[in-house]
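Undergrad: For reference, the sequence and a predicted model appear below.
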Amino acid sequence: MTIHKKGQAHWEGDIKQGKGTISTESGALKEQPYGFNTRFEGQAGTNPEELIGAAHAACFSMALSLMLGEAGHPPESIDTVATVALDKADGGFAITGIALDSKVKLPGIDKDTFDGIIQQAKAGCPVSKLFNAEITLTYQLEN
């Protein structure tokens, strides 16, 4: 079974003065503005890195929930932030790393069992498998 989901972008103009919009098939994002100023100058609007971060945080949290549930430890809550690093490299820019930071509320699990499962979720998350960048993980387990 293959699932297909679509995102789209529209761009007008040169890199510095141009502007664009990003939309998703579901309508969750509809013509959200993006451009050089939203990516590099902190202006209002979105950018590819924050969208990648949101996607990675969501995917990782879902993978962790699945794996914990399969092990008989369904979590009460998972809150994950994915910080995407964009660096100038080799005459251009590259995503060089993603730092996952997760806070998990889950009573009744021992730390070693949890550590094994969360590391599996980091490696097994479909979005994690996309990247040719270092992915780090820090977490806080609340019992």
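TA: The structure has been received and is ready for your questions. Computed from a predicted structure; not experimentally measured. Residues are numbered from 1 along each chain as shown.

Undergrad: what packs against the longest helix anywhere in the chain?
TA: In the chain, ranked by residue count with DSSP state H as the criterion, the top helix is helix 48-70. If you count contacts as 3 or more Cβ pairs under 8 Å, 6 or more residues apart in numbering; DSSP states H and E, helix 48-70 packs onto strand 77-89, strand 92-105, helix 111-124. Using the backbone N, CA and C atoms, a C-beta is placed for each residue, glycine as well.

Undergrad: May I see these organised as a markdown table, with distance to residue 62 added?
TA: A markdown table is the format used below for those (distance: least, Cβ to Cβ, whole Å):
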| stretch | distance to residue 62 |
| --- | --- |
| strand 77-89 | 9 |
| strand 92-105 | 12 |
| helix 111-124 | 9 |
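
Undergrad: Go through these and name the closest to residue 22.
TA: If you check each of the helices and strands packed on helix 48-70 against residue 22 by Cβ to Cβ, strand 77-89 wins as the nearest, at 15.6 Å.

Undergrad: Let me see the domain layout of this structure.
TA: Here the chain is described, according to the TED database, as comprising the domains 7-41, 48-141.

Undergrad: now the last one, how far from the centre of its chain.
TA: This points to domain 48-141. Here the centre of domain 48-141 is set off from its chain's centre by 8 Å, with Cα atoms, centre = their mean, to the nearest Å.
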